[in-house]
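Trainee: got a sequence here, can you model it:
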Amino acid sequence: MTSLPNWVETAREQWAWRGRVRPLFAVVPGPDQESVWDYPRPPTLALDQREVVICWGDVEVARTRRALRVLETSHPPTYYLPWDDVAKLLLEPASGASFCERKGPARFWITPELVGPFKGEPGSQHW
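Mentor: Presented below is the predicted three-dimensional model:
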C-alpha cells in the first residue's frame, strides 16, 4: 500500500470524530437503528442487500437488492442504485438537489432507522 500525501494526513489529523467512539452528544440508537456516529471516517463503501424500493405515489421507480451505501461519520448514508434497476423513463430533473464535486448531483432522504445529530444540521459547523 502506498502512503498518503502529507496534505491528506494533515487534513485527517483535524478530524475530531472518526467513528471509533460515539460522542456524548450523539443519540444512542435503539433496536433496529444505526448511529451515524458509529460510521467510519474516512468513509467506506458497503453493499446493502436489503431490498431498496423507490416509489412515486403508487408508481415504482426503482427496486434493487444491489444498492451500495457510502458510510461516513456524522453523515446519513448515501445510496447508489444500479442504473439497470431504475425505470429511467420515469425520471426528470427536479429542484431541491445538492451537488458534490466528487459524487455529483443528489437528493437526500432520512429514514427512521438512523439517529444523529447529522452533519449539516444547525450547530454542526464545528464537526
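
Trainee: quick one: low-confidence ranges for the protein?
Mentor: Residue ranges of the chain with pLDDT under 70: 1, 92-109, 111-112, 125, 127.

Trainee: in contact with the residue most central in space within the chain: list those residues for me.
Mentor: Geometric centre of the chain, nearest residue: Pro77, 1.9 Å, by C-alpha atoms, centre = their mean. Pro77 makes contact with 36, 39, 69-71, 114, according to C-beta atoms under 8 Å, 6 or more residues apart in numbering. For the C-beta atoms, the positions are set from N, CA and C on the backbone; glycine is no exception.

Trainee: contacting residues for Pro82?
Mentor: Residues counted as contacts of Pro82 (C-beta under 8 Å, 6+ apart) are 64, 66-67.

Trainee: tell me how far whichever strand or helix holds Thr10 is from the chain's mean position?
Mentor: Element membership of Thr10, judged by DSSP states H and E, is helix 6-13. Centroid separation between helix 6-13 and its chain, computed with C-alpha atoms, centre = their mean, to the nearest Å, is 22 Å.

Trainee: packing partners for it?
Mentor: Applying 3 or more C-beta pairs under 8 Å, 6 or more residues apart in numbering; DSSP states H and E, we find helix 6-13 packed against no helix or strand.

Trainee: buried ones in that helix, by neighbour count?
Mentor: For helix 6-13, a neighbour-count test (16 or more other C-beta atoms under 10 Å) marks nothing as buried.

Trainee: tell me the first helix or strand C-terminal of it.
Mentor: Proceeding N to C from helix 6-13, the next assigned helix or strand is strand 34-35, under DSSP H and E.

Trainee: give the next helix or strand downstream of that next one.
Mentor: Using DSSP H and E, the helix or strand that follows strand 34-35 towards the C-terminus is strand 44-48.

Trainee: and the two most separated of the contacts of Pro77?
Mentor: Within those, Val70 and Leu114 form the most distant pair, 13.6 Å apart (C-beta to C-beta).
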